[in-house]
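> predicted structure and sequence below. I'll ask about it afterward.
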Amino acid sequence: MPPAPKPPARPFTPLDFQLVLLRRMADHNPEPVADARRELGVSIADMREANKRWQAMLRSPRSRSAAARYRSVLGAPESVTPRTIGDLECEALRWPVPLWPDLRFEVMLAPNGTVWNEWLVRAPGAPAPALHTLDDLAPWSCTVDEAARAFAPARPLEGTAPTRFGLSFTAPDADGVRRTCVAEFTWGLLQRVTVTG
């Protein structure tokens, strides 16, 4: 008797994708991630399973291009905008992320179809946070671009994983003393700031 056919795999949904974002952020900020999970009505096991399925999609020998993968999971982008960065002509594809209504998930697509950046950015028209001192740099308060502009000149640092980014800059503390800091971001969203000097 032939083995019973496997049930079809459950589709990977935008909710699952939000859990992938949260899974990476949980390493730095378990409390807000737990709050977000409760808001979404999912368990830690659900979050781990979504991340496991995402990693399997990335490593599959039949894996589609990153842009096609995002379209299949998130649907058609909310916007596709031509962008020039240096000599590179590319497109910025953006999708809403219900967990963070003021943000968009942005994928930068090179002319050959390669995705060379993927992270959260502020939604067009959404107010940017007021960033003046270290006290303003709370977890999830800003994106990489916003922190880099507020505390220019900021120096980019290599992240500890593909979805992580760092910035080194100086910023005043509550007493106005300028401090050297390192800010860590996951998927482009601030996770923590360490004062180094």
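Noted; the coordinates are in hand. Residues are numbered from 1 along each chain as shown.

> so where do the strands sit in this structure?
Assigned by DSSP state E, the strands in the chain fall at 79-85, 88-96, 103-109, 115-122, 155-158, 164-172, 178-186, 189-195.

> can you list those in TSV and add distance to Val42 and mean neighbour count?
Just so you know, the C-beta spots here come from the backbone N, C-alpha and C atoms, and that holds for glycine as well. Listed next are the strands of the chain as TSV, based on distance: least, C-beta to C-beta, whole Å; neighbours: other C-beta atoms under 10 Å:
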stretch	distance to Val42	mean neighbour count
strand 79-85	28	11
strand 88-96	19	17
strand 103-109	18	22
strand 115-122	19	18
strand 155-158	32	11
strand 164-172	23	18
strand 178-186	18	19
strand 189-195	19	18
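
> turn those into a markdown table, columns for distance to Leu15 and mean pLDDT.
Output for these, formatted as a markdown table (distance: least, C-beta to C-beta, whole Å; pLDDT from 0 to 100):
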| stretch | distance to Leu15 | mean pLDDT |
| --- | --- | --- |
| strand 79-85 | 21 | 91 |
| strand 88-96 | 13 | 93 |
| strand 103-109 | 13 | 95 |
| strand 115-122 | 16 | 92 |
| strand 155-158 | 31 | 93 |
| strand 164-172 | 23 | 96 |
| strand 178-186 | 19 | 96 |
| strand 189-195 | 18 | 96 |
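
> and those: which comes nearest Asp35?
strand 189-195 (14.6 Å; C-beta to C-beta).

> so what does that closest one touch, helix or strand wise?
Judged by 3 or more C-beta pairs under 8 Å, 6 or more residues apart in numbering; DSSP states H and E, strand 189-195 is in contact with strand 178-186.
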